[in-house]
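Trainee: Sharing a model that was predicted from the sequence below.
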Amino acid sequence: MKLTIKDTKGQSQGELEVKFPLVEGGKGTQAVHDTVVAYRAAQRMGTASTKTMGEVAGTGKKPWRQKGTGRARAGETRNPLWRHGGTVFGPVPRDYSYAMPKKARAAALRSALSQRFREGALKVVDSFPVEMPEKPPYRLTRQLRAILDKLEIAGKTVVVDHQPSDALVLSGRNVPGVRVVADSHLSVYDVLDCKNLLVSRAALGKLEERLSR
């Protein structure tokens, strides 16, 4: 497949032959689903926590004698049935993340990129010449906005570059709906959860290497 490369002014710079093959016929759908579920599971904090009988404040002393008081039997005040007592089988801090097979992750990313290519959401730019000004005012956001306007890109966008500069990362923070990621950190969730996928030539080459292993 071929992709048109544009510069930051929206002018065509020729076409580029993509080395990895397109995934046809809906193949890889299950791998995409499993990878997205694994990604979302890894985002869970897992910090919910409750105290058991051994962790709540209180003494283990029997509150009153076993018989003769007219009250129900009680062994300690930390009983789960009592107010301020411990919790039985409550949540504890845990890690929800799990590892996906390397080949399955590659197949899912290849399938997701193929889908975005067919939809016309995958666009390639020669580079991102966003530079840090030498002195204030640091109008970084204005530089990235100008590039997106020239390329006629609007809506939720993921900008992918190989080792993005600090200037590019900072410029993307203030643009609503724009997220800057490195090609090595690009996930299937990032590819699918956007309207436009803007990739630099260098980042596309690294993605090809990643999918060719």
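Mentor: Now that the structure is in, tell me what you want to look at.
Trainee: do you know how far the residue of the chain most remote from its centre is from T77?
Mentor: Farthest-out residue of the chain from its mean C-alpha position, per CA atoms, centre = their mean: G68, at 62.9 Å. From G68 across to T77, the span is 19 Å (CB to CB, to the nearest Å). All C-beta spots, glycine's among them, are computed from the backbone N, C-alpha and C.
Trainee: what's the answer for H84, then?
Mentor: From H84 to T77 the distance is 8 Å (CB to CB).
Trainee: In terms of neighbours, single out the busier of those two.
Mentor: T77 (17 against 11; other CB atoms under 10 Å).
Trainee: check contacts around that one.
Mentor: 58-59, 63, 84-85 (CB atoms under 8 Å, 6 or more residues apart in numbering).
Trainee: Return the member of those nearest to M100.
Mentor: G85 (41.2 Å; CB to CB).
Trainee: quick one: pLDDT of that closest one?
Mentor: On the pLDDT scale, G85 is placed at 94.
Trainee: ok, and what's touching the biggest helix by length in the chain?
Mentor: The single longest helix within the chain, with elements called by DSSP state H, is helix 102-119. By CB under 8 Å, 6+ apart, the residues outside helix 102-119 that reach it are 1, 3, 18, 20, 22-24, 27-29, 31-32, 34-36, 100, 122, 186-188, 191-192, 197, 207, 210-211, 213.
Trainee: same for the helix or strand that that helix is followed by, what does it pack against?
Mentor: Toward the C-terminus, helix 102-119 is succeeded by strand 122-125 as the next helix or strand (DSSP states H and E). Judged by 3 or more CB pairs under 8 Å, 6 or more residues apart in numbering; DSSP states H and E, the packing partners of strand 122-125 are strand 2-6, strand 196-200, helix 201-211.
Trainee: Make TSV out of those and add mean neighbour count.
Mentor: Shown next, in TSV, are the helices and strands packed on strand 122-125 (neighbours: other CB atoms under 10 Å):
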stretch	mean neighbour count
strand 2-6	15
strand 196-200	23
helix 201-211	18
